[in-house]
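# Compute the structure for the input listed below.
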Amino acid sequence: MINPRYSNLLFSLLLSGMMSFLVSGISTLRTVPLDPDFVGVWMASWISSWAVAFPAVIVVAPLARRMVARLTATSGK
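Residues are numbered from 1 along each chain as shown. Have a look, this model is predicted:
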């Protein structure tokens with residue numbers, strides 16, 4: 001098992017991997033026809049997308065959490 005103190009990092013890794021997989025697949029499908037090379041092109045796109053998405057999620061997720069907290073905070077009344 002993975003130590004719980006790494007849960008934010010693991011969450012970022014998994015979220016960025018899944019999202020970049022889906023988005024790169026859609027983008028690749030829109031630009032490359034379905035042919036025998038499609039999966040290879042998609043996987044190359046995905047890996048380079050994930051290389052950007054993972055650090056971006058690490059940086060952006062805390063900001064998004066703070067924004068959500070402010071938007072959903074109760075007024076205390």
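# low-scoring stretches of this structure, by residue?
The chain contains residues with pLDDT under 70 at 75-77.
# again, only using 50
By pLDDT under 50, the chain has no low-scoring segment.
# Just the element for the closest residue to Gly17 other than its chain neighbours, please.
Counting by C-beta to C-beta, 6 or more residues apart in numbering, the nearest residue to Gly17 once its immediate chain neighbours are dropped is Trp50, at 5.7 Å. Backbone N, C-alpha and C define where each C-beta goes, glycine included. Assigned by DSSP states H and E, Trp50 belongs to helix 38-72.
# for Ile2, same thing?
Counting by DSSP H and E, Ile2 is part of no helix or strand.
# Just confirm it contacts Leu10, I think it does.
Yes. Using C-beta atoms under 8 Å, Ile2 makes contact with Leu10 at a distance of 6.1 Å.
# Pick out whichever of those two has more residues nearby.
Between Ile2 and Leu10, counted using other C-beta atoms under 10 Å, Leu10 has the larger neighbour count: 12 against 8.
# Centroid-nearest residue for the protein?
Ser16 (2.2 Å; C-alpha atoms, centre = their mean).
# check contacts around that residue.
Shown in contact with Ser16 (C-beta atoms under 8 Å, 6 or more residues apart in numbering): Trp50, Ala53, Phe54, Ala56, Val57.
# just to revisit the earlier point, now for the helix holding Trp50, which elements pack on it?
helix 7-31 (3 or more C-beta pairs under 8 Å, 6 or more residues apart in numbering; DSSP states H and E).
# roughly how far out does the helix it packs on sit from the chain middle?
Taking C-alpha atoms, centre = their mean, to the nearest Å, the mean C-alpha location of helix 7-31 is offset from the chain mean by 4 Å.
# how about that helix: buried residues?
In terms of neighbour count (16 or more other C-beta atoms under 10 Å), helix 7-31 has its buried residues at Ser12, Leu13, Ser16, Gly17, Ser20, Phe21, Ser24, Gly25, Thr28.
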